[in-house]
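Chemist: I'll drop the sequence and a predicted model, then ask my questions.
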Amino acid sequence: MKNRLLLLLPLAFALLIQACSTDDSVVIAGQVIDSSNNNPINNAIVQVVEPTNLQQTANTDSSGNFSFDVEPGNETVNVTLEVSKPGYETKSTSFKMAPDSDIDDLIIRLASSDDSDDGGDDGEDEDDQVGGEAGGPANLELINLSQSSISVRETGGDVNATFTFEVTDSAGRVVDSPVDVNFQILSGPDGGERITPQTATTGVGSPEGTVKSNLAAGDSSGTVRIEAIIERPDYSITIRSSPVLISIASGFPVLENFYVAPRVNNFDAYGKLAENHTNSIAVSVGDIKGNPVQEGTAVYFDSEYGGLVNGSATTNENGYATVNLSANGSKPSGHPDGPGFIDVTAETIDKDNNRITKTTTLLLTTPRAVIDINPTTLNISNGGSQTFDVTITDVNGYPMAADTRIEVSTGQGLEASGDIVDLELGDYFNPGPGTTEFQVTVSDSDPDEVVSTEGSFTIKVTSPFGETTTKSIDGSRAKSQ
């Protein structure tokens, strides 16, 4: 990692030099490093030897950096640099330089002259030599992957991933001579994904010893495994490396992975006009593989029979989008399920430009409750109890909204028991036992008291909107003398 970070220093150095250069000049900048360990070489001599009219000399600093300001004129020229230092082999490097185009990313590797090949024939392949110039390619190493996940093409997301391999010899030295590297897809979703280019040469469009290519997504989600290959017919061997795994996800919406649902199905908004009284409606949007679609996918909403819903939203990174249904004062009618019911529909587009929709049905109920209690009079004997049937509905006879609070309180000397003494109502559509029909039992809590007294109990219903409805039953507590 230390050596890789050192390779970033020439760019920063060149940018500093560029800021100080004249308008007509061009910067030639880079770094000189030891080819055996990638350490920077201080005080190396760097000379511009060609063309003769641009000849200059510079010395590298402690980070191995060097820089020239040259004025090449109005034509592209061939430039040759010669780099030398005692103890190292002199090296030349050439490149084309166009007017107004800085060359600021040169990496020049010097090999130690002490470790160079002495020319003897010891029967070993040059790849086995640790010092000197690098031998032929022996290894392929993935050194950079721009991203491990891309999106299905035409979805609006990032559909390309760039990968970089480094070619080294058997001693781990970077091979600075051009090497052709072939790429192929070993496995993938077969959605038309492709590698471009399929063959690339080290040092062309990338630093010496490295090669880049690109994976472009197809129209299907899945995992792609890529293999890099170097053929060496001189030794009848093939060098392979296949560590590249890139996932293609975030495809187009499909109906089977498109869902819509409200926070609560029973919402106390019937006939209520209140901008801030809302019920969130969420959608989840997935592609054919069950992955979230591309972030920012648009979803449209409409409400039929009543209510007021935001018209659109876009998905987040998890494939979810949310809008609000507001209490707009409507009193829905005409729905097949009865008064108060509405439909909210979400819509988006699949890859074939077909509209796909999902609908959720909600019930709008009144914030004010209708409470019926039978019997209508309290009459409890000494130490006795009395059971009451209680019906609690909205104005249309449906259960009160989800999260409605029902409480029972009693007068002095009485206590209440039953399923609605302190109840938070669930999310229901249908009336019946446990949703609109309940029982409460009121008992004498002080049988030792011998004087008859008045008695009462009260049922209080509080809707999520905050509206409260109460009903009380009065009567007597009869006591034996």
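Modeler: Ah, there it is.

Chemist: From now on I want contacts and neighbour counts done on CA atoms only, so please keep to that.
Modeler: Will do.

Chemist: Tell me who's in contact with the residue lying closest to residue 311 once chain neighbours are set aside.
Modeler: Counting by CA to CA, 6 or more residues apart in numbering, residue 311 lies nearest to residue 301, which is 5.0 Å off, once chain neighbours are set aside. If you count contacts by CA atoms under 8 Å, 6 or more residues apart in numbering, residue 301 has them with 309, 310, 311, 312, 344, 345, 346, 347.

Chemist: how does it look with 7 Å?
Modeler: Residues in contact with residue 301 (CA atoms under 7 Å, 6 or more residues apart in numbering) are 310, 311, 312, 344, 345, 346, 347.

Chemist: Which parts of the protein are helices?
Modeler: 2-6, 9-20 (DSSP state H).

Chemist: Could I get the pLDDT score of the most centrally placed residue in the chain?
Modeler: For the chain, the residue nearest the mean C-alpha position is residue 317 (4.0 Å; CA atoms, centre = their mean). pLDDT, residue 317: 90.

Chemist: Quick check: it vs residue 264, distance?
Modeler: 24 Å (CA to CA, to the nearest Å).

Chemist: go on, residue 435?
Modeler: Residue 435 is 15 Å from residue 264, by CA to CA.

Chemist: and if you look at residue 327?
Modeler: Taking CA to CA, one finds residue 327 at 14 Å from residue 264.

Chemist: Out of these two, name the residue with the larger neighbour count.
Modeler: residue 327 (24 against 18; other CA atoms under 10 Å).

Chemist: What sits closest to the residue nearest to the centre of the chain if chain neighbours are left out?
Modeler: residue 295 (4.9 Å).

Chemist: Local confidence estimate at the residue nearest to residue 311?
Modeler: Note for residue 301: predicted pLDDT of 98.

Chemist: what do you get for the one 4 residues further on?
Modeler: Note for residue 305: predicted pLDDT of 97.

Chemist: Measure how buried it is and give me the count.
Modeler: Applying other CA under 10 Å, I find that residue 305 has 17 neighbouring residues.

Chemist: Please shift the residue numbers so they start at 45 in all later answers.
Modeler: Renumbered: residue one is now 45, and that last one reads residue 349.

Chemist: ok so, going back, buried subset of the contacts of residue 345?
Modeler: 354, 356, 388, 389, 390, 391 (16 or more other CA atoms under 10 Å).

Chemist: Considering these, which is situated nearest to residue 423?
Modeler: Of all those, residue 423 sits closest to residue 388, with 49.2 Å by CA to CA.

Chemist: rewinding a little: near the residue nearest to residue 361, how many other residues are there?
Modeler: Counted with other CA under 10 Å, residue 339 comes out at 19.

Chemist: And for residue 303?
Modeler: By the criterion of other CA under 10 Å, residue 303 has 17 neighbours.

Chemist: In this structure it contacts residue 402, no?
Modeler: Yes: between residue 303 and residue 402 a contact is recorded at 6.4 Å, counting by CA atoms under 7 Å.

Chemist: in stretch 208-223, what's buried?
Modeler: 208-220, 222-223.

Chemist: Which two among the residues you listed are spaced furthest apart?
Modeler: Once CA to CA is applied, the buried residues of stretch 208-223 give 208 and 215 as the farthest pair, at 20.2 Å.

Chemist: one step back: tell me what the residue nearest to residue 355 is bridged to.
Modeler: Counting by DSSP bridges, residue 345 forms beta bridges with residue 390.

Chemist: coming back round to it: in this structure the residue nearest to residue 361 contacts residue 365, no?
Modeler: No: applying CA under 7 Å as the test, residue 339 and residue 365 come out as separate, 9.7 Å apart.

Chemist: quick one on the thing from earlier: just name the closest of the contacts of residue 345 to residue 322, please.
Modeler: Using CA to CA, residue 354 is the member of the contacts of residue 345 that lies nearest residue 322, at 10.8 Å.

Chemist: And the closest residue in space to residue 307 that isn't next to it in sequence, how close does it get to residue 130?
Modeler: Among residues not flanking residue 307 along the chain, residue 324 sits closest, at 5.5 Å (CA to CA, 6+ apart). Distance, residue 324 to residue 130, by CA to CA: 75 Å.

Chemist: re the thing from before, of the buried residues of stretch 208-223, which belong to strands?
Modeler: Among the buried residues of stretch 208-223, DSSP state E puts 208, 209, 210, 211, 212 in strands.

Chemist: For the last one, name its beta-bridge partners.
Modeler: Taking DSSP bridges as the rule, residue 212 bridges to residue 183, residue 218.

Chemist: and it, what is it in contact with?
Modeler: Applying CA under 7 Å, 6+ apart, the residues near residue 212 are 181, 182, 183, 184, 218, 219.

Chemist: Turn the residues you listed into CSV, including pLDDT and distance to residue 264.
Modeler: What follows is the contacts of residue 212, written out as CSV (pLDDT from 0 to 100; distance: CA to CA, whole Å):
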residue, pLDDT, distance to residue 264
181, 90, 36
182, 88, 35
183, 90, 32
184, 92, 29
218, 91, 37
219, 92, 37
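
Chemist: of all those residues, which comes closest to residue 515?
Modeler: residue 184 (82.4 Å).

Chemist: Tell me who's in contact with that closest one.
Modeler: Here residue 184 is in contact with 209, 210, 211, 212, 284, 285 (criterion: CA under 7 Å, 6+ apart).

Chemist: Show the pLDDT at the first one.
Modeler: Among the per-residue scores, residue 209 shows a pLDDT of 94.

Chemist: thought it was touching residue 252?
Modeler: No: between residue 209 and residue 252 there is no contact under CA under 7 Å: 11.0 Å.

Chemist: Please spell out which residues along stretch 467-478 are buried.
Modeler: If you call a residue buried by 16+ other CA under 10 Å, then stretch 467-478 has these buried ones: 469, 470, 471, 472, 473, 475.

Chemist: What lies in contact with that stretch?
Modeler: With contact meaning CA under 7 Å, 6+ apart, stretch 467-478 is reached by 308-310, 407, 442-443, 445-451, 479.

Chemist: Over to stretch 190-199?
Modeler: 201-207, 261-265, 289-296, 338.

Chemist: Among these, which ones are in strands?
Modeler: Short answer: the contacts of stretch 190-199 in strands (DSSP E) are 204, 205, 206, 207, 289, 290, 291, 292, 293.

Chemist: quick one: which of the residues you listed is nearest residue 89?
Modeler: Among the ones in strands among the contacts of stretch 190-199, residue 207 lies closest to residue 89 (CA to CA), at 34.1 Å.

Chemist: That closest one: neighbour count?
Modeler: 18.

Chemist: so what's it up against?
Modeler: Applying CA under 7 Å, 6+ apart, the residues contacting residue 207 are 188, 189, 190, 256, 257, 258.

Chemist: hey, what's it bridged with?
Modeler: Where residue 207 sits in a bridge, its partners, by DSSP bridges, are residue 189, residue 257.

Chemist: ok, so what distance separates it from residue 224?
Modeler: Applying CA to CA, the value for residue 207 to residue 224 is 15 Å.

Chemist: repeat for residue 514
Modeler: 85 Å.

Chemist: okay, and for the stretch 145-294 of the chain, where does confidence drop off?
Modeler: Residue ranges of the stretch 145-294 of the chain with pLDDT under 70: 158-179.

Chemist: Rebuild the ones in strands among the buried residues of stretch 208-223 as a markdown table, extending it with distance to residue 397.
Modeler: Formatted as a markdown table, these follow (distance: CA to CA, whole Å):
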| residue | distance to residue 397 |
| --- | --- |
| 208 | 36 |
| 209 | 39 |
| 210 | 43 |
| 211 | 45 |
| 212 | 49 |
